[in-house]
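Chemist: next one to model:
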Amino acid sequence: MTRETLDRKINQLIDEILVLDSMVETATLEAIQALKKHDVDTARRIYREDELINARRFTLEKDCMITIATQQPIMATDLRLVASILEVVGELERMGDYAKGIAKICVRIGDQPHIKPLIDIPRMGDIVVSMLNRAVGAFVRRDAEQARMIPQDDDLVDALYDQVYRELIIIMFKDPTTIDQANLLMWAAHNLERMADRVTNICERTIYVVTGDMHEIDDSDDEMSQV
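Modeler: Take a look at the predicted model:
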């Protein structure tokens with residue numbers, strides 16, 4: 001494989017990441033809206049369409065492995081990038097699973113009136129999707145500086161998650177009949193909190209591609225601690 005061919009192939013892989021990212025972002029926002037509006041039909045569609053995300057993930061993984069196998073010798077920078085594409089694809093697919101989980105929660109709640117107004121969970125979703133969009137953009141541009149900044153928003157997601165958790169605990173104590181739905185809403189919020197963590201993983205991969213150093217972003221003190 002010539003240098004020109006390799007560059008073209010890597011650009012194709014990047015384009016496919018953007019498509020996969022768009023699918024995950026859309027699924028997440030639609031799942032949250034379905035939950036908010038009791039839209040079970042949309043939730044069921046999102047659940048089914050997760051198979052499309054899975055299929056694209058496996059195709060991308062196969063393409064990455066073929067790229068590595070057919071480009072010999074491969075430069076360290078190219079190997080880091082392709083290996084990181086593999087990791088990012090896996091993170092995106094897992095986030096698609098979280099969106100699918102929220103859709104499943106919508107189906108389980110059905111047309112039951114919500115035990116609390118769904119305000120904080122949609123806010124969490126908006127922040128997470130914004131983080132994801134910026135993180136994938138930073139990865140595509142190899143923007144390590146931006147990648148270091150994005151995980152700071154995880155604190156906002158964590159704060160909203162804690163608020164949702166506390167409110168639901170109070171509601172359950174006051175009315176035990178709400179326990180089932182409260183647990184489901186907690187799980188929806190938990191899925192979004194975990195998505196934010198996986199966005200941080202993508203940011204770490206961006207920094208690795210640019211610097212060659214694998215670091216874990218520690219959002220407790222906004223520093224980078226080498227592992």
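Chemist: a helix runs through Pro117, doesn't it?
Modeler: No - under DSSP: H, G, I helix; E, B strand; the rest coil, Pro117 sits outside any helix and is assigned coil.
Chemist: what about it, distance to Trp187?
Modeler: 18 Å (CB to CB, to the nearest Å). All C-beta atoms are positioned from the backbone trio N, CA, C, and that covers glycine.
Chemist: what of Asp120?
Modeler: Distance from Asp120 to Trp187, by CB to CB: 14 Å.
Chemist: neighbour count winner among the two?
Modeler: Asp120 (20 against 14; other CB atoms under 10 Å).
Chemist: quick one: pLDDT of the more buried one?
Modeler: pLDDT, Asp120: 97.
Chemist: quick check: it touching Val164?
Modeler: Yes - using CB atoms under 8 Å, Asp120 is in contact with Val164, at 5.0 Å.
Chemist: common neighbours of those two, please.
Modeler: Ala189 (CB atoms under 8 Å, 6 or more residues apart in numbering).
Chemist: listing request: residues of this structure with sub-threshold pLDDT.
Modeler: For the chain, residues meeting the criterion pLDDT under 70 lie at 1, 73, 218-227.
Chemist: ranges for the helices of it?
Modeler: Listed in chain order, the helices of the chain (DSSP state H) span 3-37, 40-70, 76-109, 120-141, 144-149, 154-174, 179-211.
Chemist: counting by contacts, list what the third one packs against.
Modeler: It refers to helix 76-109. Applying 3 or more CB pairs under 8 Å, 6 or more residues apart in numbering; DSSP states H and E, we find helix 76-109 packed against helix 3-37, helix 40-70, helix 120-141, helix 179-211.
Chemist: out of these, flag the one nearest Asp154.
Modeler: Proximity to Asp154 (CB to CB) singles out helix 179-211 among the helices and strands packed on helix 76-109, at 4.7 Å.
Chemist: and that closest one, how far from the chain's centre?
Modeler: Distance of helix 179-211 from the chain centroid (CA atoms, centre = their mean, to the nearest Å) equals 6 Å.
Chemist: now the angle from that helix to helix 3-37?
Modeler: Helix 179-211 and helix 3-37 meet at an angle of 160 degrees, taking axes from the mean of the first three to the mean of the last three CA atoms, to 10 degrees as the criterion.
Chemist: next, the angle from helix 179-211 to helix 76-109.
Modeler: 170 degrees.
Chemist: which other helices and strands does helix 179-211 contact?
Modeler: Short answer (3+ CB pairs under 8 Å, 6+ apart): helix 179-211 packs on helix 3-37, helix 76-109, helix 120-141, helix 144-149, helix 154-174, strand 215-218.
Chemist: tabulate the ones you listed (TSV), appending distance to Arg194.
Modeler: Shown next, in TSV, are the helices and strands packed on helix 179-211 (distance: least, CB to CB, whole Å):
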stretch	distance to Arg194
helix 3-37	12
helix 76-109	6
helix 120-141	9
helix 144-149	19
helix 154-174	10
strand 215-218	16
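Chemist: quick one: closest of these to Ala182.
Modeler: Using CB to CB, the helices and strands packed on helix 179-211 put helix 154-174 closest to Ala182, at 4.3 Å.
Chemist: cool, thanks, signing off.
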